[in-house]
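**Q** with the input below, show me the fold.
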Amino acid sequence: MKVGLIRCRQTEDMCPATTDFLVMKDKKCAFENVQENIELIGVNTCGGCPGKKAVTRAVEMVKRGADTVVLASCITRGNPIGFACPHAKTIKEAIAKKLGDRIKIIDYTH
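**A** Numbers count the residues shown, from 1 in each chain. Below is the predicted model:
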């Protein structure tokens, strides 16, 4: 699995994505059923509210080899600030529409 990770720009000052990287490395949480090796292709933010750059950034990571786009839990679950992105569903749908069925989308990390 080759992962392109998209995270929330609003939380990047307080979260260095350490837990996201650990759950990938240890194949826990969203990655517990992954059998193959996990390679992190890139990490980027959604670009800030309302997440309009997420699609472009997901496409770029796919161009660079990602076969899976992962929306970090800061977007979909509100970690660590306790407030999920109100645009998370729209972001996920827009990425899926642009990339189609050829790319897997995981909507959380931990």
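**Q** contacts, neighbours, all on C-alpha from now
**A** OK.
**Q** so where do the strands sit in this protein?
**A** With strands called from DSSP state E, the chain shows them at 2-7, 39-45, 68-71, 104-106.
**Q** for the second one, buried residues please.
**A** I take that to be strand 39-45. By 16 or more other Cα atoms under 10 Å, the buried positions in strand 39-45 come out as 40-45.
**Q** now, which of the residues you listed sits nearest Ala58?
**A** Using Cα to Cα, Asn44 is the member of these that lies nearest Ala58, at 8.6 Å.
**Q** next up, the contacts around that closest one.
**A** 5-7, 57 (Cα atoms under 8 Å, 6 or more residues apart in numbering).
**Q** show me what the lengthiest helix in the chain is packed against.
**A** Longest helix in the chain, counting residues (DSSP state H): helix 88-99. Packed against helix 88-99 by the contact rule (3 or more Cα pairs under 8 Å, 6 or more residues apart in numbering; DSSP states H and E) you find helix 54-63.
**Q** returning to that earlier point: quick check: the farthest pair among the contacts of Asn44?
**A** Farthest apart among the contacts of Asn44 by Cα to Cα are Arg7 and Arg57. That separation is 10.8 Å.
**Q** return the residues in contact with Ser73.
**A** Ser73 sits next to 7, 79, 107-110 when contact means Cα under 8 Å, 6+ apart.
**Q** reformat those residues as TSV; add neighbour count.
**A** Listed next are the contacts of Ser73 as TSV, based on neighbours: other Cα atoms under 10 Å:
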residue	neighbour count
Arg7	27
Asn79	16
Asp107	19
Tyr108	19
Thr109	23
His110	18
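**Q** kindly indicate which of those residues lies nearest Met61.
**A** Nearest to Met61 among the contacts of Ser73 is Arg7, at 13.2 Å by Cα to Cα.
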